[in-house]
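K.L.:
make a model of this:
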Amino acid sequence: MRIDHYLRSLSLAQRGALAAQIGTTGAYLNRIAYGYGKQPPGPKLARKLAEALQGKVTLEEIRPDIWGENS
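P.N.:
Predicted coordinates for the structure are as follows:
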């Protein structure tokens with residue numbers, strides 16, 4: 001699943017809780033989901049997201065440009 005689709009499926013409260021868990025802000029997660037050019041998270045945050053989501057969205061799906069098959 002794409003990270004932007006997953007984040008959009010969460011309520012604002014759920015996004016806020018996830019943000020707190022991984023050490024960022026709900027506003028930044030909103031930017032990933034809806035922002036200008038759908039800004040991808042940096043490598044460090046991508047790893048934290050993948051760990052927090054426990055397989056719902058993989059690291060390869062979050063940043064295929066870094067960890068995908070063709071990277």
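
K.L.:
ok, the residue nearest to the spatial centre of the chain to Lys48 distance?
P.N.:
Nearest to the mean C-alpha position of the chain, by Cα atoms, centre = their mean, lies Ile3 at 4.9 Å. Going from Ile3 to Lys48 by Cβ to Cβ, to the nearest Å gives 12 Å. Glycine gets a C-beta too; all of them are placed from N, C-alpha and C.

K.L.:
how about the backbone phi and psi for Ala19?
P.N.:
Dihedral angles of Ala19 (phi, psi; degrees, to the nearest 10) stand at phi -60, psi -50.

K.L.:
tell me who's in contact with it.
P.N.:
Taking Cβ atoms under 8 Å, 6 or more residues apart in numbering, we find Ala19 in contact with Thr25, Gly26, Tyr28, Leu29.

K.L.:
how much space between it and Ile32?
P.N.:
Relative to Ile32, Ala19 is positioned 10 Å away (Cβ to Cβ).

K.L.:
now swap in Gln14 and tell me
P.N.:
From Gln14 to Ile32 the distance is 14 Å (Cβ to Cβ).

K.L.:
mind checking which of the two has more residues around it?
P.N.:
Here Gln14 and Ile32 are compared on neighbour count by other Cβ atoms under 10 Å; more neighbours surround Ile32, at 22 against 13.

K.L.:
tell me the secondary structure for that one?
P.N.:
helix (DSSP: H, G, I helix; E, B strand; the rest coil).

K.L.:
thought it was touching Arg8?
P.N.:
No - in this structure, Ile32 is not within contact of Arg8 by Cβ atoms under 8 Å, at 9.9 Å.

K.L.:
that older thread, so the residue nearest to the centre of the chain makes contact with Glu60?
P.N.:
No - Ile3 is beyond contact range of Glu60, at 10.8 Å (criterion: Cβ under 8 Å).

K.L.:
show me where this protein has helices.
P.N.:
Ranges of helices in the chain, per DSSP state H, are 3-9, 12-22, 26-34, 43-53, 59-62, 64-67.
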